[in-house]
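Peer 1: I need the structure of the sequence given here:
(chains A, B, C and D)
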Protein chains: 2
Amino acid sequence: MARRADTIELAVLGLLHEGPMHGYELRKRLNLMLGWGRVLSYGSLYPALKKMLRANLITEVAGPATTATRRPRITYEVTPAGTEHFQRLMSEVGPTAWEDDNFDIRFAFFSSTDMEIRLRVLEGRRSRLQERLARVQGELERTQAEVNRYAAELQRHGVESVEREVRWLSDLIKAERGGDAHPAPAPTPHD
Amino acid sequence: MARRADTIELAVLGLLHEGPMHGYELRKRLNLMLGWGRVLSYGSLYPALKKMLRANLITEVAGPATTATRRPRITYEVTPAGTEHFQRLMSEVGPTAWEDDNFDIRFAFFSSTDMEIRLRVLEGRRSRLQERLARVQGELERTQAEVNRYAAELQRHGVESVEREVRWLSDLIKAERGGDAHPAPAPTPHD
DNA sequence: GTTAGCATGTAAGGAGTTACATGATTTT
DNA sequence: AAAATCATGTAACTCCTTACATGCTAAC
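Peer 2: Numbers count the residues shown, from 1 in each chain, chains lettered A, B, ... in the order given. The predicted structure follows:
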C-alpha cells in the first residue's frame, strides 16, 4: 500500500493530542481505527516513532512515577513542532486526503480542523467515489454482462456498498452545512 | 499488502478460464474485479505472468491471425497444469481464503467450485467478520466512549458496514443451502 | 500531425510484514 | 508453574508502485 507511512504519522500525532501514550497502546488504538482492513505491526510502528522522534515531532517522557512497579514504558508526547505539523497535514486538501486509509484518519480527527476543510475533504471523497462508480458501471455495460453469476453478484454488492457510502457522505455534508452539532443523526434506521 | 501475489495468480488463472486474453485486457478485468481499493500496475502484472509462464501454468499463444493489422499481442492460455493448480487453490479452505482481497477473488470464481467449498468459505468469511465486530465492540466499551464525535461516527459507520456484509453473507449461505439458483434475489430492496 | 489510448516491459526504490529476540507481569 | 498479555525493538525479505523506455494505432 503506497504511502501509508504518512498515514501512520498523522494518526500518531492525532492520537497523542488526546494525551501521552506508549507504543503498545498507540498500536491498539490505531488498529481499532483503521483496523477494518490490515493490522499495523510493531515492525511498522516503532520505526515510525523513531523517525518522528528524530524529526522532533514527538518526545519521550518517563511514566508519571505513580506506577513504579511496571517496566518503564516509553511514553510519547507531541512537541509544539508536532502540533504544527499535524495542523498543516490536516489542512492539506488534495487527492491524498480522500484516499481510503487517509480519509478515515483525517475524518477521525476532524475536530481539529475548520468546517471549510472538513467540507472540502468530504466533498472530495464523495466525488472520488462517484467517479469510481461511474467508471465501473460504464465498464460493466461493455464487459461480462450476464456471464458468471457470482462475479456479477460481487459487483452488485460492491456498487451498493459504495452508493451507501456516498449517501453517508451526503448526510455528513448536509449536517456540516446546516451547522448541525451531530455528524449524522441517522434518520435512516438500517435494514 | 501481504501475499497479494497469490491473489493475482488465482485471479489470472480464473480469468483465463473464460478464454485466452492478453496482459492489457487481463489488467483491466482485474482492476474491475478488485478495483474498489488499489489498482494493479503493469509492474505487478507482467512479472507475475512471466513467473506463471516459467511455472508452466499458462502458455503464450499467437493472436488468431484474423487481426493481422494489430501489433502482435501476446495472448495467454491456461495449461492443464494451470487448471489443476487453479482447482487446488480454489479448494483450499482456510484463513487465507476469507481475507479481504482473497475472498473477493474466490467468490468471483465460485462457479468453478463445489457447493461444499463455497459454503465453508462463506461461513469462514462470516465468522471472521463477526469476530472483528465482537472485538471492536468490546474494545469500544473500554476506550473513548463519547469523546471525539467524528471518531465515534466513523466507528459507527464501520460497524454498520460490517454488519451489512454479514447479512449479505447470511443471505448467500441460505441461498446455497436452499439450492437456490440465484445467489441473492435481493429480498431487501435497499433504502 | 499530434494527442490519446493500446500494448509490453524493466529497474529502482519504498513500505510494511514476518520472524526473531528479549523480558516483565498478570491470570489461570 | 504455565500461559497469556504487556512491552519494545531489529533484520531480512517480499511485494508492489513509480518511473522510465518503447512503439503502434486510432481519432481529432
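
Peer 1: So A:Glu176 sits against A:Leu119, correct?
Peer 2: Yes: assessed by Cβ atoms under 8 Å, A:Glu176 is found in contact with A:Leu119 at 5.5 Å. Yep, even glycine has a C-beta here, placed from its N, CA and C like the rest.

Peer 1: Would you quantify the distance from A:Ile58 to A:Tyr150?
Peer 2: 48 Å (Cβ to Cβ, to the nearest Å).

Peer 1: swap that for A:Leu122, sorry
Peer 2: A:Leu122 is 34 Å from A:Tyr150, by Cβ to Cβ.

Peer 1: Pick out whichever of these two has more residues nearby.
Peer 2: A:Leu122 (22 against 19; other Cβ atoms under 10 Å in any protein chain shown).

Peer 1: which residues in chain A form strands?
Peer 2: A:21-22, A:58-61, A:75-78 (DSSP state E).

Peer 1: so which of those comes closest to B:Ile74?
Peer 2: strand A:58-61 (51.2 Å; Cβ to Cβ).

Peer 1: Go through that closest one and flag the buried ones.
Peer 2: A:Ile58 (16 or more other Cβ atoms under 10 Å in any protein chain shown).

Peer 1: Just the C-alphas of that strand, formatted as PDB.
Peer 2: In PDB, the C-alpha atoms belonging to strand A:58-61 read as follows (Å, rounded to 0.1, in the frame of the first residue of the first chain):
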ATOM      1  CA  ILE A  58       7.300  13.900  19.500                       C
ATOM      2  CA  THR A  59       9.400  13.400  22.600                       C
ATOM      3  CA  GLU A  60       9.800  10.600  25.100                       C
ATOM      4  CA  VAL A  61       8.600  11.200  28.600                       C
END
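
Peer 1: is DNA strand D contacted by that strand?
Peer 2: No: under the criterion of Cβ under 7 Å from any atom of the strand, DNA strand D is not reached by strand A:58-61; the shortest gap measures 8.0 Å.

Peer 1: That strand: how far from the chain's middle?
Peer 2: 24 Å (Cα atoms, centre = their mean, to the nearest Å).

Peer 1: Check stretch A:132-143 too.
Peer 2: Distance, centroid of stretch A:132-143 to centroid of chain: 27 Å (Cα atoms, centre = their mean).

Peer 1: So what touches it?
Peer 2: Residues outside stretch A:132-143 that contact it (Cβ atoms under 8 Å, 6 or more residues apart in numbering or on different chains): A:155, A:158-159, A:162-163, A:166, B:28-29, B:32, B:35-36.

Peer 1: Give me the lowest-pLDDT entry from those.
Peer 2: Among these, B:Gly35 carries the lowest pLDDT, at 66.

Peer 1: remind me which residues of chain A are low pLDDT?
Peer 2: A:1-5, A:35, A:37, A:63-72, A:141-146, A:180-191 (pLDDT under 70).

Peer 1: Up against DNA strand D, what does it have?
Peer 2: A:2, A:22-25, A:42-43, A:46-47, A:49-50, A:70-71, A:73-75.

Peer 1: what's the closest of the residues you listed to B:Asp6?
Peer 2: A:Ala2 (20.2 Å).

Peer 1: hmm, back to that, mind checking which of the contacts of stretch A:132-143 are in helices?
Peer 2: Those of the contacts of stretch A:132-143 mapping onto helices are A:155, A:158-159, A:162-163, A:166, B:28-29, B:32, per DSSP state H.

Peer 1: In a markdown table: the residues you listed, plus distance to A:Leu16 and neighbour count.
Peer 2: Below are these laid out as a markdown table (distance: Cβ to Cβ, whole Å; neighbours: other Cβ atoms under 10 Å in any protein chain shown):
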| residue | distance to A:Leu16 | neighbour count |
| --- | --- | --- |
| A:Gln155 | 41 | 21 |
| A:Gly158 | 36 | 19 |
| A:Val159 | 39 | 16 |
| A:Val162 | 33 | 16 |
| A:Glu163 | 36 | 15 |
| A:Val166 | 33 | 17 |
| B:Lys28 | 43 | 16 |
| B:Arg29 | 44 | 20 |
| B:Leu32 | 40 | 18 |
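
Peer 1: Farthest pair within those residues?
Peer 2: Maximum distance among the ones in helices among the contacts of stretch A:132-143 (Cβ to Cβ): 24.6 Å, for A:Val166 and B:Arg29.
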